[in-house]
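*Asks:* my questions concern the predicted model and sequence given below.
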Amino acid sequence: MTHPAQPTASHFINGEYVEDTAGTPIPVIYAATGEQIATVHAATPAIVEKALASGKAAQKAWAKMSGTERGRILRRAADIIRERNHELSVLETYDTGKPMQETLAVDATSGADALEYFGGLAGSLTGEHIPLGEDWVYTIREALGLCVGIGAWNYPTQIACWKGAPALACGNTMVFKPSEATPLCALKVAEILHEAGLPAGVYNVVQGMGEVGAALVTDPRVDKVSLTGSVPTGKKVYAAAAADMKHVTMELGGKSPMIVFDDADIENAVGGAINGNFYSSGQVCSNGTRVFVQKGIKEKFLARLAERTGNAVIGDPMDEATSFGPMVNENQMNIVLGYIEKGKAEGARLICGGARCDMPGWYLQPTVFADVTDDMTIAREEIFGPVMSVLDFETEEEVVARANDTEFGLSAGVFTRDFTRAHRVIGNLEAGSCFINSYNDAPVEAPFGGVKASGVGRENSKEAIKHFSQVKSVYVRMGDVEAAF
Ligand code: NDP
């Protein structure tokens, strides 16, 4: 790839790019064409050691800087990212295949939002004073130490920043491992953080597959693991972290419900369903992939949905007119095609899409199934692709019970003009990130994360601070110590 933003080596450790060609080569494939655009190498044990050792060595001095100084560096990095948004968006598009129309708007910019927000909070992270008559207790909010971040492939810049920004704001250091499918963007985040003045060793990036992640998670020097990935990987990583009682944040998969009552504004509900199923070609954890539509408006909803889905501009992701890009890689495309075939075989009604696009690259058509029932595979399993299941319902009580009948609990949305019902339904849904008359908004100011199998802990907002710090409490006695003997 000849691109000004291309990282110059596979890893970023102790403030500089590092290469070790003894590691397994990982080809970087541009999803829109299937062409190989770069190669990185998986971290060897020597690289993993170097990254962990530099993160560990840098932590105490980083935590001793004032929060305001740490925050200034994060905010400077946010400014650099915004100035370079275009070139970083091109890199994100090469890494993931997502269209520039999306990457220009949400990837580097949401990373910058996180750096700016947590940079702003860093100076005001304090403990409290608890008076106890003459005596008193004070608390100190301390960093956890060395944190490991492990990312999925759908938002490589955003995930690197959503984990790095709160970790660093609290005085931790980090070793981040991106998904092997999208290795490039996190390296640029590390490079820019150092350009902004980050001390060497505070934020390190190493490449590799699951075994590199596992080596990081099991190292006794690591105090916290934050994973974005699937539920099966989450269970393995959570169990591995538990062996040393490490802190965890788990941002995992979902099969979230979006409920459309018959009094809803149909255009807004259709827009929400499109955003919540087809943005990033459906490769979004919080997607509302079970769209429950009340029977009275079902056919009207489906007709508008098919019409508007037909307006998707599928094509070259570098063309800013393109609104729908390819899947991240051939493997993911084939997994999703398998689910589409299951939907057809189990008797769902295909409204639109349902096949691979007849063009180079890993493109699927945006696909809608109607008459989906709760027991169908496409209604139970996370597909992580552009496949929407529309289910019918009659009563509020019924839809809430069916919406909750899943192991997952990441997100949920309700479309209705009746606000009493909207709040009542949201109150009864088992999900961490919810929406009323909207879907998939994720501002840095709002907590993000799931319940049940979808995760543990929260990213973004002041909640994230709790998950990257711990409280020391100190009892201060002003008088004499009374003892029994
Ligand atoms: P995976 O669970 O396959 O992988 C996630 C990351 O974990 C990758 O970097 C992977 O490495 C690494 N990994 C795999 N095995 C281990 C292990 N044993 N120990 C440590 N690390 C390991 O997820 P995908 O990358 O396929 O991403 C899709 C999933 O992520 C979906 O389920 C989606 O819902 C979820 N997701 C959740 C989000 C949320 O915030 N809740 C947001 C985005 C996605 P490698 O891939 O290189 O082998």
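*Replies:* Yes, it's here.

*Asks:* what ranges does the stretch 301-450 of the chain have for its strands?
*Replies:* Assignment of strands within the stretch 301-450 of the chain using DSSP state E, counting those that start in this stretch yields the ranges 349-352, 367-370, 387-393, 411-415, 433-436.

*Asks:* quick check on whichever residue of the stretch 201-350 of the chain sits closest to the ligand: phi, psi?
*Replies:* When scored by CB to the nearest ligand atom, the stretch 201-350 of the chain has G213 as its residue closest to the ligand, at 2.3 Å. (Each C-beta comes from the backbone N, C-alpha and C, glycine too.) Summarising the backbone geometry of G213 under the convention degrees, to the nearest 10, its torsions are phi -60, psi -50.

*Asks:* for the stretch 151-300 of the chain, what lies in contact range of the ligand?
*Replies:* Taking CB under 6 Å from any ligand atom as the criterion, the neighbours of the ligand within the stretch 151-300 of the chain are 151-154, 177, 179-180, 209-210, 213-214, 217, 228-230, 233, 236-237, 251-254, 285.

*Asks:* the residues you listed in strands, which ones?
*Replies:* 177, 228, 251 (DSSP state E).

*Asks:* now, of these, which are buried?
*Replies:* With neighbours counted using 16 or more other CB atoms under 10 Å, those contain these buried positions: 177, 228, 251.

*Asks:* residues contacting K255?
*Replies:* The contact partners of K255, taken as CB atoms under 8 Å, 6 or more residues apart in numbering, are 289-290, 379-382, 406, 408.

*Asks:* swap in G413?
*Replies:* 256-259, 272, 276, 288, 434-436, 438-439.

*Asks:* so it bridges to which residues?
*Replies:* Beta-bridge pairing of G413 under DSSP bridges involves M258, F435.

*Asks:* just K472 next, same as before
*Replies:* On DSSP bridges, the residues paired with K472 through beta bridges are I140.

*Asks:* neighbours of it, how many?
*Replies:* Counted with other CB atoms under 10 Å, residues neighbouring K472 total 10.

*Asks:* nearest residue to S66 in space, please, no chain neighbours.
*Replies:* Using CB to CB, 6 or more residues apart in numbering and skipping the chain neighbours, the partner closest in space to S66 is G123 (7.0 Å).

*Asks:* pretty sure that neighbour contacts L74?
*Replies:* No: G123 is beyond contact range of L74, at 10.8 Å (criterion: CB atoms under 8 Å).

*Asks:* higher neighbour count, those two?
*Replies:* Counted by other CB under 10 Å, G123 and L74 do not tie: L74 has more neighbours, with 28 against 15.

*Asks:* stretch 89-105: how far from the chain's middle?
*Replies:* Relative to the centre of its chain, stretch 89-105 is centred 16 Å away, using CA atoms, centre = their mean, to the nearest Å.

*Asks:* repeat that for stretch 115-128.
*Replies:* In terms of CA atoms, centre = their mean, the centre of stretch 115-128 is set 22 Å apart from its chain centre.

*Asks:* hmm, who's touching it?
*Replies:* Taking contacts as CB under 8 Å, 6+ apart, the residues outside stretch 115-128 that touch it are 66-68, 70-75, 77-78, 81, 138-141, 161, 164-166, 168-170, 444-445, 460, 462, 464-465, 469, 471-472.

*Asks:* now, these that are in helices?
*Replies:* If you go by DSSP state H, the contacts of stretch 115-128 have 67-68, 70-75, 77-78, 81, 161, 164-166, 168-169, 462, 464-465 in helices.

*Asks:* ok, of those residues, which come out buried?
*Replies:* Neighbour counting over these (16+ other CB under 10 Å) leaves 67, 70-75, 77-78, 81, 161, 164-166, 168-169, 464-465 as the buried ones.

*Asks:* now the stretch 1-150 of the chain against the ligand: closest residue?
*Replies:* I150 (4.6 Å).
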